[in-house]
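# sequence isn't available, so here's the structure alone:
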């Protein structure tokens, strides 16, 4: 295979019998050598998968047959190497975890802003622009003058809204995230909280980088992605960041020359926070990875079965 197609997708829809689709999607994925992760929950589907052109088309057709997902949209990028180790089809309480059960993006969300209209919208001085991603993602790239809530997880976002509610009143609020799912759920939460002028970037940062020419882009830096590419830039081309496999933080060349960087064991972000026992365990894991490379085998290649993924 000369090139892998990577498809990112989500759909909020009422799916009370979501567990019924786990085995079928797993079998289709295995049959067509699809890798990546698909999440199923009562509120819909979410995932990023990779494979051949034909495999991805087949998998997307299967996903569109799930009730409420006929209009499922996806974003595509490409890679020379498979960005995932295996296929996982998992059952979850939420397809993106906020921890606020009453939020219902299938029925109430903010107003979509098309990527081609995003620049003019966020440069309006009356618009408060909020990055709904986590702090480590924001650290490698964001939109100019966007607010960083400095959350460690999406569960922290409701508390940040509560603490900043007063200065959000009467403002137009524009939110964005990687692929659109977190900011869509965030707009639903804000509308539930009584904030009215709530907007979000349709298709997220990935669609913006795919659509807007680099010369016109207001994006600064790179965009963190949750696969082996770590980051992408303009045109969704693979970026320059690597990942610390101890703490999962993005790292650059400056981090790699730090005395606190040990491949697969620690980096400047986590060196002081991990114990000697943890470092020893990570060192053994890294050793096994190197041995697998020497044998020409993937270290993490096991497929997750329906029983394991639940």
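Noted; the coordinates are in hand. Bear in mind the structure is a predicted one, so any value in this text is a computation, not a measurement.

# go through the chain and flag its longest helix.
Among the segments of the chain that qualify as a helix by DSSP state H, the longest is helix 276-294.

# name the residues that touch that helix?
For helix 276-294, contacts defined as Cβ atoms under 8 Å, 6 or more residues apart in numbering pick out 245-246, 262-266, 274, 298-299. All C-beta atoms are positioned from the backbone trio N, CA, C, and that covers glycine.

# could you dump the residues you listed to JSON lines with distance to residue 253?
Formatted as JSON lines, these follow (distance: Cβ to Cβ, whole Å):
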{"residue": "245", "distance to residue 253": "17"}
{"residue": "246", "distance to residue 253": "18"}
{"residue": "262", "distance to residue 253": "15"}
{"residue": "263", "distance to residue 253": "13"}
{"residue": "264", "distance to residue 253": "17"}
{"residue": "265", "distance to residue 253": "18"}
{"residue": "266", "distance to residue 253": "17"}
{"residue": "274", "distance to residue 253": "22"}
{"residue": "298", "distance to residue 253": "26"}
{"residue": "299", "distance to residue 253": "24"}
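
# which one among those residues gets closest to residue 87?
residue 298 (12.9 Å; Cβ to Cβ).

# returning to that earlier point: drop anything exposed from the contacts of helix 276-294.
Buried by 16 or more other Cβ atoms under 10 Å: 245-246, 262-266, 274, out of those.

# pick out the most distant pair among those.
Maximum distance among the buried ones among the contacts of helix 276-294 (Cβ to Cβ): 14.2 Å, for 263 and 274.

# same list, the contacts of helix 276-294, but as JSON lines with distance to residue 207, pLDDT and secondary structure please.
Listed next are the contacts of helix 276-294 as JSON lines, based on distance: Cβ to Cβ, whole Å; pLDDT from 0 to 100; DSSP: H, G, I helix; E, B strand; the rest coil:
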{"residue": "245", "distance to residue 207": "29", "pLDDT": "86", "secondary structure": "coil"}
{"residue": "246", "distance to residue 207": "32", "pLDDT": "90", "secondary structure": "coil"}
{"residue": "262", "distance to residue 207": "37", "pLDDT": "93", "secondary structure": "strand"}
{"residue": "263", "distance to residue 207": "34", "pLDDT": "93", "secondary structure": "coil"}
{"residue": "264", "distance to residue 207": "33", "pLDDT": "90", "secondary structure": "coil"}
{"residue": "265", "distance to residue 207": "36", "pLDDT": "93", "secondary structure": "coil"}
{"residue": "266", "distance to residue 207": "35", "pLDDT": "94", "secondary structure": "strand"}
{"residue": "274", "distance to residue 207": "36", "pLDDT": "90", "secondary structure": "coil"}
{"residue": "298", "distance to residue 207": "31", "pLDDT": "60", "secondary structure": "coil"}
{"residue": "299", "distance to residue 207": "33", "pLDDT": "57", "secondary structure": "coil"}
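
# which two of these have the greatest separation?
274 and 298 (25.1 Å).

# what's the distance between residue 278 and residue 246?
Between residue 278 and residue 246 the computed distance is 8 Å (Cβ to Cβ, to the nearest Å).

# with residue 78 instead?
29 Å.

# do the same with residue 154
Residue 154 sits 22 Å away from residue 246, going by Cβ to Cβ.

# same thing with residue 64?
38 Å.

# try residue 296
25 Å.

# for the stretch 151-300 of the chain, what spans make up the helices?
In the stretch 151-300 of the chain, the helices defined using DSSP state H, counting those that start in this stretch lie at 157-168, 181-192, 204-211, 253-256, 276-294.

# and stretch 199-217, what's its mean pLDDT?
Mean pLDDT, stretch 199-217: 96.

# which stretches of the stretch 151-300 of the chain aren't confidently modelled?
Across the stretch 151-300 of the chain, the ranges flagged by pLDDT under 70 are 297-300.

# okay, domains of the protein per the record?
According to automatic domain parsing, the chain comprises the domains 4-95, 111-220, 250-294.

# possible to save those domains as JSON lines with distance to residue 238?
Putting the domains of the chain into JSON lines (distance: least, Cβ to Cβ, whole Å) gives the following:
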{"stretch": "domain 4-95", "distance to residue 238": "7"}
{"stretch": "domain 111-220", "distance to residue 238": "12"}
{"stretch": "domain 250-294", "distance to residue 238": "13"}
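
# so the closest residue to residue 87 other than its chain neighbours: helix, strand or coil?
Computed as Cβ to Cβ, 6 or more residues apart in numbering, the closest residue to residue 87 that is not its neighbour in sequence is residue 29, at 4.6 Å. Using DSSP: H, G, I helix; E, B strand; the rest coil, the secondary structure recorded for residue 29 is helix.

# check the spacing between residue 29 and residue 92 real quick.
Separation of residue 29 from residue 92 (Cβ to Cβ): 17 Å.
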